[in-house]
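In: Sequence plus predicted model, see below.
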Amino acid sequence: MAYRLSDLAARLGAETLGDASMIVERLAEPAEARAGDLALAIAPKFADQLTASQARAAVVWAGADLEALGLDGAIVAPRGRLAMAGLTQAMDTDPTFAGPSGIHPTALIDPTAGIGPNARIGPYVVIAAGVRIGPEARIAAHSSIGPETTIGARATLYAGVKIGARVRIGDDVIVQAGAAVGGDGFSFTTQGPSNVERAVRQRPGVPLDPTDGKWHRIHSLGGVDIGDTVEIGANSTIDAGTIRATRVGNGVKIDNLVQVGHNVVLGADCLLCAQAAVAGSSVLGPRVILGGKAGVADNLTIGRDVVAGGGAVILSDVADGTFVSGHPAQPTHLHRAGLKALRRLIKG
């Protein structure tokens with residue numbers, strides 16, 4: 001597909017240099033760019049790669065010298081990654097949903113389900129009783145949607161997504177392949193105190209006595225409530241709440257292989273990186289960021305604008321705006337100071 005440089009710049013609210021009427025067909029990294037590509041050279045460090053390439057058009061940094069870079073036209077992007085967001089959105093043709101809207105003949109849809117106008121339902125999709133699918137929603141092959149679930153307008157579910165019963169998904173939500181939303185939470189109890197409870201109270205070095213360890217299942221009746229413009233990565237899971245819904249606020253972004261436990265509340269615009277996990281009933285305020293493999297224990301409150309570094313293990317409440325690291329997590333400046341002191345101690 002062809003794109004005029006001036007049209008792309010207008011979508012970004014960006015300026016152009018040189019020939020703004022140039023036509024480009026795809027995005028490319030500077031080192032691999034050919035004639036007809038739009039090279040993404042968003043910082044001066046890419047200048048040598050860009051000069052050595054065949055690119056005649058590029059996204060460049062403010063103050064770039066078009067002639068020195070060997071370009072005929074360019075888009076100036078003061079904030080490069082933001083420009084990347086706009087350009088990739090503008091040029092994404094997504095072949096998964098190529099072709100007209102409609103319902104594939106192999107889809108199995110309960111007669112009580114409602115499908116909004118211009119929705120696309122792919123091959124072998126299963127839609128249960130009482131489901132409501134919003135207008136222009138897109139459901140890819142082999143996905144399944146449980147009873148009494150609502151999916152908002154323009155939502156996109158990629159292949160093999162599993163949505164349980166009593167889930168509400170807002171508008172413009174994206175769920176990547178293999179994700180599971182609305183499965184039962186990991187919630188069990190014992191007739192008497194469990195070994196976990198006993199171990200906490202046990203005297204150090206004294207083994208636990210045998211006990212009745214049979215686990216009794218606590219069922220999840222609350223479903224999941226997902227806001228608008230949420231994204232859920234491939235093979236991530238969000239468990240249903242026990243009595244009330246597990247809640248995911250507007251604008252939350254969840255990476256691949258993330259676990260969100262039952263009754264968790266994620267505030268607006270949280271970002272959870274790959275392999276992060278939030279245990280049951282914890283509450284994260286708006287704009288919390290969990291780095292890769294970070295973990296949050298159950299029944300905690302994490303304040304607004306908290307950042308947890310990769311691998312951090314949060315075992316207690318965290319105040320607003322705190323940057324934490326380590327295991328157990330603590331304010332990052334203390335964690336780093338402790339590591340430096342340990343290295344000095346080891347060196348003697």
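Out: That came through fine. Numbers count the residues shown, from 1 in each chain.
In: In stretch 66-74, which residues are buried?
Out: In terms of neighbour count (16 or more other Cβ atoms under 10 Å), stretch 66-74 has its buried residues at 66, 69, 71-74. Placement of C-beta: from N, CA and C, glycine included.
In: Kindly report the same for stretch 43-56.
Out: 46-47, 49-50, 53, 55-56.
In: for stretch 181-197, same thing?
Out: With burial defined by 16+ other Cβ under 10 Å, the residues of stretch 181-197 counted as buried are 181-183, 185, 187, 190.
In: now, which of the buried residues of stretch 43-56 sits nearest residue 98?
Out: If you rank the buried residues of stretch 43-56 by distance to residue 98 using Cβ to Cβ, residue 55 comes first, at 27.9 Å.
In: Find the nearest non-adjacent residue to that closest one, please.
Out: Closest residue to residue 55 apart from its sequence neighbours, by Cβ to Cβ, 6 or more residues apart in numbering: residue 33 at 3.6 Å.
In: any residues touching stretch 31-44, and which ones?
Out: With contacts defined as Cβ atoms under 8 Å, 6 or more residues apart in numbering, stretch 31-44 is touched by 3, 5, 8, 23-30, 46-47, 49-50, 52-61, 64, 69, 75, 77, 80-81, 83-84, 87.
In: Now which of the residues you listed would you call buried?
Out: Buried by 16+ other Cβ under 10 Å: 3, 5, 8, 24, 27-28, 30, 46-47, 49-50, 53, 55-61, 64, 69, 75, 77, 80, 83-84, 87, out of the contacts of stretch 31-44.
In: Using TSV, please lay out the buried residues of stretch 181-197 together with distance to residue 167.
Out: Listed next are the buried residues of stretch 181-197 as TSV, based on distance: Cβ to Cβ, whole Å:
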residue	distance to residue 167
181	6
182	4
183	10
185	13
187	18
190	30
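In: what ranges of the chain fall below the confidence cut-off?
Out: Flagging of the chain using pLDDT under 70 yields the residue ranges 348.
In: okay, which residue is most central for it?
Out: Compute the mean C-alpha point of the chain, and by Cα atoms, centre = their mean the closest residue is residue 254, 2.3 Å away.
In: what comes into contact with the top helix by length along the chain?
Out: As assigned by DSSP state H, the longest helix anywhere in the chain is helix 332-347. Residues from elsewhere that reach helix 332-347 (Cβ under 8 Å, 6+ apart): 309, 323-326, 329.
In: still on that earlier bit, among the contacts of stretch 31-44, which ones are in helices?
Out: Per DSSP H, the subset of the contacts of stretch 31-44 in helices is 5, 8, 47, 49-50, 52, 80-81, 83-84, 87.
In: The residue nearest to the centre of the chain touches residue 234, doesn't it?
Out: No: between residue 254 and residue 234 there is no contact, the gap being 10.2 Å when judged by Cβ atoms under 8 Å.
In: So residue 59 versus residue 83, what's the distance?
Out: For residue 59, the distance to residue 83 equals 6 Å [Cβ to Cβ, to the nearest Å].
In: Check residue 292 too.
Out: Residue 292 is 25 Å from residue 83, where distance means Cβ to Cβ.
In: do residue 345 as well
Out: 47 Å.
In: Residue 72 too?
Out: Distance from residue 72 to residue 83, by Cβ to Cβ: 19 Å.
In: go on, residue 347?
Out: Counting by Cβ to Cβ, the gap from residue 347 to residue 83 is 46 Å.
In: Could you chop this protein up by domain?
Out: Per automatic domain parsing, the structural domains of the chain span 3-91, 161-188+216-334.
In: Of those domains, flag the one that's most buried.
Out: Stretch with highest mean neighbour count among those: domain 161-188+216-334 (a mean of 20; mean count of other Cβ atoms under 10 Å).
In: Quick check: end-to-end length of that one?
Out: Terminal residues of domain 161-188+216-334 lie 42 Å apart, using Cα to Cα, to the nearest Å.
In: of the ones in helices among the contacts of stretch 31-44, closest to residue 259?
Out: Nearest to residue 259 among those: residue 81, at 27.4 Å, using Cβ to Cβ.
In: who's in contact with the closest one?
Out: Applying Cβ under 8 Å, 6+ apart to residue 81 gives the contacts residue 42.
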